[in-house]
Structure formats: C-alpha cells, structure tokens
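J.: A predicted structure for the sequence below; I have some questions about it.
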Amino acid sequence: MIKIGVIGSGSMGTGIAQVAATAGHEVYLYDNNPSALDRSEAFIHKIMNRLVEKGRLQSGEAEAIKNRIHYQSNLFACSDASLIIEAIVENVDIKKQVFETLEDAVGEDAILATNTSSLSIAAIAAACKKPERVIGIHFFNPAALMKLVEIVPAVQTSEATQQKATEIIKGWGKTTVLAKDTPGFIVNRVARPFYGWFFYTSPIP
C-alpha cells in the first residue's frame, strides 16, 4: 500500500487524509501551522468516535485509521509518499512555490496533485522540473462524504500519471470523472450560471 502526503490541514486536507487513511494508506498530513494540525487531529478523533457511536466502524477500525494519519510540520516528512495532494489556499503563486519545494522533497516517481477547484493545472505544473507528473485531483467538500472526484490532467501531464492517479482514487471508493483543464473544470463551470441566477433573483434585504 503506497504512502500518501496531504499538504494543508484545513477542512479539505483533513477530509482527504481521512479518506486515504480509511482506504488503508499511511498518510502524512503536513501544515506549517501547528494549531491547524491540532485542530485537524481533534476533528479526526471526533469523527472517528462519532462513527463508532453510530455503529459504522468498530472501535479497533477507528483507532487504526487514526493511527495511520501522521501530523507533520516538516514537509520533508512526506519524502517517501508516492502521491502528494496539495489542498491549500486558492492562490496560484503560492501553489507554485509549494510544488517547487515538493519536487525537492519527494522521489522522482511521486505524483504531485493539486485539489484546486478552478486554477490552471498547467500553470502549476509549469513551476516543476517534471511537469508530466503533475495533475489535478479535485475533491468536493466534505471529501469523506462526496463521491465525485474530478481528475484534471494538464497539457503536460503524462498518460501514466493520469492512469495511476485515477486508479488510486477509484480504489478509495470514489467516482472519478475526467475533466479538461479549463476554469471551473466540470462541476463548478456548470454551476456558476446557477449561482449567478440565485444572486440575481434573490431579494436584497
């Protein structure tokens, strides 16, 4: 079972870590904010306890899932992960800086993925020496409950990277859909007119 790195311990990163750990992976959840890591760990423990109370998990299973998530403040702790999923602020320049650093932190064959909901995967990949291993893997919030995941290859992404990423995410019980690297991908692109209609038709308080 490959090891997974998740960058960012906010709601999306924590949810992705939970999904990967539930699928049996060792997960390194990185954040440069110790308080954010503490909140993430507390949330995971709360969710696991709730699932046990509802009878959806045995206590031993919940404990095993919790123990598979390793909270890290050192990015290089993810060095032996085969798939890294970045889930940080939606700022392309910050993401590019993170991906540049990741290339030095992980092995040459590791897949580098971004959970961005709308930013250009090609622009993020351009920051890397090996852009062919960069791909978009867009989960929806909450990641543990939402089945759909958009797989978004950039023009630089290799076929092998796309196939491997899709295989891994399907193995987590998710439904994958291949999306083009366009603003909003599929779901958010389709939904935007509905958002606009809602705000246009809603009465002003």
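T.: On my side now, so go ahead.

J.: C-alpha only now, for contacts and for neighbours.
T.: Fine.

J.: stretch 58-78: which residues count as buried?
T.: 62, 65-66, 68-72, 75, 77-78 (16 or more other Cα atoms under 10 Å).

J.: point out where the protein drops to low pLDDT.
T.: Scanning the chain for pLDDT under 70 picks out the ranges 183-205.

J.: by contact count, what packs against the longest helix belonging to it?
T.: Counting residues, the longest helix found in the chain (DSSP state H) is helix 34-53. Using 3 or more Cα pairs under 8 Å, 6 or more residues apart in numbering; DSSP states H and E as the contact criterion, the neighbours of helix 34-53 among helices and strands are helix 11-22, helix 59-67, strand 69-72.

J.: tell me who's in contact with Lys147.
T.: For Lys147, the residues meeting the contact criterion (Cα atoms under 8 Å, 6 or more residues apart in numbering) are 173-175.

J.: give me the contacts around stretch 76-92.
T.: Defining contact as Cα under 8 Å, 6+ apart, one finds that stretch 76-92 is touched by 2-10, 12-13, 28, 30, 95, 105-107, 109-116, 119-120, 123-124, 137.

J.: list only those of those residues flagged as buried.
T.: 3-10, 12-13, 28, 30, 95, 105-106, 110-116, 119-120, 123-124, 137.

J.: inside strands: which ones of these?
T.: The members of the buried ones among the contacts of stretch 76-92 that map onto strands under DSSP state E are 4-7, 28, 30, 111-114, 137.

J.: just those residues now: which is nearest Glu150?
T.: Closest to Glu150 out of these is Ile137 (5.8 Å), distances taken as Cα to Cα.
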